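K.L.:
Take a look and give me a structure for this.
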Amino acid sequence: MQAHTVSHRDAAPRRLGIRALALAAILLSGAAGGAVSQPRQTAAAAMAPKAYVGLYGDDAIGVLDAATGRIVRTIKVAAGPEAVIVAPGGGRVYVSSEDATSLSVIDTASDAVIDTIDVGKFPEGMALSRDGKTLVVGVFGENQVDVIDTSTLRITKRYPVGMAHGVTLAPDGKTAYVGAQVPGHNAIVVLDLAAGRVAARVPLAQAPRGLFVSPDAASLYFTLANSAEVQVLDRATNTVTAHITVGPIPHQMAFTPDHKYALVVVQGAGQLAVVDLASRQVTADVPVGNFPHWVGITSDGTLAYVTNEGDDTVSVVDLAARKVVATLPVGSEPRKISLQQGAGAMSQYEPSPAAATGFAGQPAQPVPPARAGDVQIHMRAFAFGPASATVAAGHRVTWIDDDPVPHTATAQTTRGKLWDTGQVVPGRSVTVTMTKPGTYQYQCDDHPFMLAKLIVTP
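P.N.:
Modelled structure (predicted):
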């Protein structure tokens, strides 16, 4: 196969893209931005819970000691660690790997992978029942949802759900909600696990991202791509009853143990929004790191841990003070985080540095000028524009990220990848010289519902 030439102009480092074996992969050297602070050791160290951090760029899980704020071990898992869930009791961790076909099971006593579960191509979101007995997995590449008995680690049921991504369970474990990221047919799919059937489908205008059942079990809170809101779905009627404006590109959320607040990761603004559940109003915005991805909360509700994919850190937020009290280096591209049960162990902190500006501390740079016959494609509002473009072989295509979050442009066939831009960060671009005529479908590996076509003529 003749390779396309990729010119990485102003691209942030990213490991291999997902959902295919790479035939020709372009990697950039790693970089992380800014100095960080470390929390001091406290007397509560012996009782501190561990946090498990999915390090997407390292194909590993980082084990974070909550007492010292340090990564004490990294555990290699299958490529592209996505969902990370600590089981009730803290003895196991389940990890899905979206670049692979399997889940990893980690024993927390040894912090080692003790088993794997094959589920098919590109497992994404997961949810675990409160009793720890049932694991529900969205398998994006197989257009299905798998239900796993954790006592046997065997799949007991499969449901058809197109491009299944995020998953959440009702508190009683009888109903699952799944985000179906099918372009033009986005939906929340409701699964009745007790009856073993698809119970309902709620159409959406945009791709669903985070899905979370409220503590009182009456509502489903969810976020959409290219939105500034959290929407609230009444579970009895499957209708949206409220919209909560939190800022550009909200992603994941978590509820505090006292059930008074929701913490919402707002990726476009680099902040954690604190939402009062009674009034459904934002009561505080806490600036965190670059491109925050996920939040975990200690059992006592004193601290929140926010992963910052853009600067390879975790922000520790004091929820009473509504401020970041420590910034911890954890590894490459931290995404998901899950904590063992236990009180927050840190009580004294060094001041955190001022937040860096731009993704990984790198300022936006101008797009290179186009030559005659070249094509520019913008990544805007979670879509490629134009969605179909034509260029002659030997000319260049430049992808420009106009969104507040990173994207990729990745083309692949059954044989592997033809090109992969790597992660293009906001305000920056990557250029590919097209050398092989043909018609190519491509996508964003970070947001695979973003699809487009490129025609390369002789």
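K.L.:
Every contact and neighbour count from this point should use C-alpha atoms.
P.N.:
Noted.
K.L.:
and the next element down the chain from whichever strand or helix holds Val316?
P.N.:
Element membership for Val316 (DSSP states H and E) is strand 313-318. Counting by DSSP H and E, the element after strand 313-318 in chain order, helix or strand, is strand 323-329.
K.L.:
my guess is Ser227 is in a helix, correct?
P.N.:
No - read with DSSP: H, G, I helix; E, B strand; the rest coil, Ser227 is coil and lies in no helix.
K.L.:
Could you give the number of residues near it?
P.N.:
For Ser227, the count of nearby residues is 20 (other Cα atoms under 10 Å).
K.L.:
what does the model give it for pLDDT?
P.N.:
Looking at Ser227, its pLDDT reads 93.
K.L.:
same question, Pro13
P.N.:
42.
K.L.:
what's the answer for Val230, then?
P.N.:
Residue-level pLDDT assigned to Val230 equals 98.
K.L.:
okay, now it: neighbour count?
P.N.:
Applying other Cα under 10 Å, I find that Val230 has 26 neighbouring residues.
K.L.:
Just the element for it, please.
P.N.:
strand 229-234.
K.L.:
contact partners of whichever helix or strand comes after that strand?
P.N.:
From strand 229-234 onward toward the C-terminus, using DSSP H and E, the following helix or strand is strand 239-245. The contact list for strand 239-245 (Cα atoms under 8 Å, 6 or more residues apart in numbering) reads Ala228, Glu229, Val230, Gln231, Val232, Leu233, Asp234, Arg280, Gln281, Val282.
K.L.:
separation between the fifth one and His243?
P.N.:
The span separating Val232 from His243 equals 6 Å under the rule Cα to Cα, to the nearest Å.
K.L.:
Run through the neighbouring helices and strands of the strand holding Val230.
P.N.:
strand 219-224, strand 239-245 (3 or more Cα pairs under 8 Å, 6 or more residues apart in numbering; DSSP states H and E).
K.L.:
ok and the shortest one relative to strand 239-245, angle-wise?
P.N.:
Read it as strand 219-224. Note on geometry: by axes from the mean of the first three to the mean of the last three Cα atoms, to 10 degrees, strand 219-224 and strand 239-245 are set 60 degrees apart in direction.
K.L.:
I'd guessed Ala343 sits against Pro257; true?
P.N.:
No - contact between Ala343 and Pro257 fails when scored by Cα atoms under 8 Å: they sit 11.6 Å apart.
K.L.:
before we move on, back to that, want to throw the contacts of strand 239-245 into TSV with distance to Ala100?
P.N.:
Below are these laid out as TSV (distance: Cα to Cα, whole Å):
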residue	distance to Ala100
Ala228	32
Glu229	32
Val230	31
Gln231	32
Val232	33
Leu233	32
Asp234	35
Arg280	39
Gln281	40
Val282	38
